[in-house]
Structure formats: C-alpha cells, structure tokens
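Asker: The sequence and its predicted three-dimensional model are supplied below.
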Amino acid sequence: MPMMFVDELGFTTSEWLQVWAVFFFTTIFSNVLWGILGEKLGWMKVVRWFGCIGMALSSLAFLLHSAALRT
C-alpha cells in the first residue's frame, strides 16, 4: 500500500510517513475515548449507536463525494 501512494498518487515517502504518524497518534486518543464511553454506556450501546450513526454519515459522505466528482 505505501508504494501505491508513493508511485501512483504522487505522495513522497515523507508525506506518506506523516499520514501514518497522524493516523497512529489519533488512534491513541480515540481508543481512550471509546474505552471511556464503553465503560459508561455499555459496549453494546456504543457499538450499536456509534456504528449505525458512523455508517450513515460515511455512506452519505461517499454519496456526496461521488456526486461532486461527477459534476
């Protein structure tokens, strides 16, 4: 995957490593957040509601993004 981003999409290796650094840095804090929410609300509620809302928002984003690319 890194070679595809570097070769085909024009990222430099430094830029690609920055993307990975931001991803892992964000993951550290989001794992703590989801752990706290899971303990307070219960895991089933967290997975059910945030999964449902997250999927709805991402589906809407994909729809709007593809529609914007067609115009």
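Answerer: Ah, there it is. Quick caveat, the model's predicted, so the values are computed rather than measured.
Asker: The most centrally placed residue in the chain is in what secondary structure piece?
Answerer: Centroid check for the chain by C-alpha atoms, centre = their mean gives Phe23 as the closest residue, at 8.4 Å. According to DSSP states H and E, Phe23 maps onto helix 13-41.
Asker: Can you spell out which helices and strands pack onto that helix?
Answerer: helix 2-7 (3 or more C-beta pairs under 8 Å, 6 or more residues apart in numbering; DSSP states H and E). For the C-beta atoms, the positions are set from N, CA and C on the backbone; glycine is no exception.
Asker: Kindly provide the whole-number mean pLDDT of the helix it packs on.
Answerer: Averaging pLDDT along helix 2-7 yields 72.
Asker: Stretch 60-71 now?
Answerer: On average, stretch 60-71 scores 83.
Asker: just the CA coordinates of that stretch, formatted as CSV?
Answerer: What follows is stretch 60-71, C-alpha atoms only, in CSV (Å, rounded to 0.1, in the frame of the first residue of the first chain):
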residue,chain,number,x,y,z
LEU,A,60,-23.8,10.0,3.0
ALA,A,61,-20.2,11.3,2.6
PHE,A,62,-19.4,8.7,-0.1
LEU,A,63,-22.7,9.6,-1.9
LEU,A,64,-22.0,13.4,-1.8
HIS,A,65,-18.3,12.9,-2.8
SER,A,66,-19.1,10.8,-5.8
ALA,A,67,-21.9,13.2,-6.8
ALA,A,68,-19.4,16.1,-6.6
LEU,A,69,-16.9,14.3,-8.7
ARG,A,70,-19.5,13.8,-11.5
THR,A,71,-20.2,17.5,-11.9
